[in-house]
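Asker: coords below, sequence missing:
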């Protein structure tokens, strides 16, 4: 299956997907990587692997993802032959133009056991709430913030003395294993259709 990746940061989850493809455990190909952040390392990772990479023009908005930008993003993904869109640390809310272009074909990974702690810095939210465990969730994207149907989740214990950095690092270790597995599950389900 042909994948498109949207990310805003370092691209460690994209790298985990690439590693699974390289290892032969994920039957997919990344055709296009797009970022709303021109300086995002995810773009460097993509270019280093010979993957087409580009910047999403959000018209100067810091957090908003304008409809025009979403429509242009959808068009670029379609032109690249993308069949499944994977959000990898993408910090903008996806809405109708993209969702209509890729119905039930956009997935996201989130660093909490949804529905708990949606939004930014979920690991900090978990620490602040004093919960004994948190984790990560791969889910289909809908119009809400981290509200789409869950594909898979895995828990991560909150340890005594955890800091936001230590907890986030342990969650990311699980994310890097869980996300490629979830992508594979979605591919298998789509092949059945």
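Answerer: Noted; the coordinates are in hand. Quantities reported herein were computed from a predicted structural model and do not represent experimental measurements. Numbers count the residues shown, from 1 in each chain.
Asker: how many neighbours does residue 163 have?
Answerer: 11 (other C-beta atoms under 10 Å). All C-beta spots, glycine's among them, are computed from the backbone N, C-alpha and C.
Asker: contacts only, for it.
Answerer: residue 127 (C-beta atoms under 8 Å, 6 or more residues apart in numbering).
Asker: roughly how far does it sit from residue 157?
Answerer: From residue 163 across to residue 157, the span is 14 Å (C-beta to C-beta, to the nearest Å).
Asker: next one: residue 192
Answerer: In terms of C-beta to C-beta, residue 192 sits 35 Å off from residue 157.
Asker: quick one: the residue lying closest to residue 166 once chain neighbours are set aside from residue 133, how far?
Answerer: Excluding its sequence neighbours, the residue lying closest to residue 166 (C-beta to C-beta, 6 or more residues apart in numbering) is residue 159, at 7.6 Å. Residue 159 sits 10 Å away from residue 133, going by C-beta to C-beta.
Asker: now residue 93
Answerer: In this view, residue 93 and residue 133 are 27 Å apart by C-beta to C-beta.
Asker: the more surrounded of those two?
Answerer: Neighbours were counted for residue 93 and for residue 133 using other C-beta under 10 Å; residue 93 has more, 15 against 11.
Asker: you'd agree the more buried one is in a helix?
Answerer: No: going by DSSP: H, G, I helix; E, B strand; the rest coil, the assignment for residue 93 is coil, not a helix.
Asker: right, and it touches residue 65 too?
Answerer: Yes: using C-beta atoms under 8 Å, residue 93 and residue 65 qualify as a contacting pair, with a distance of 6.0 Å.
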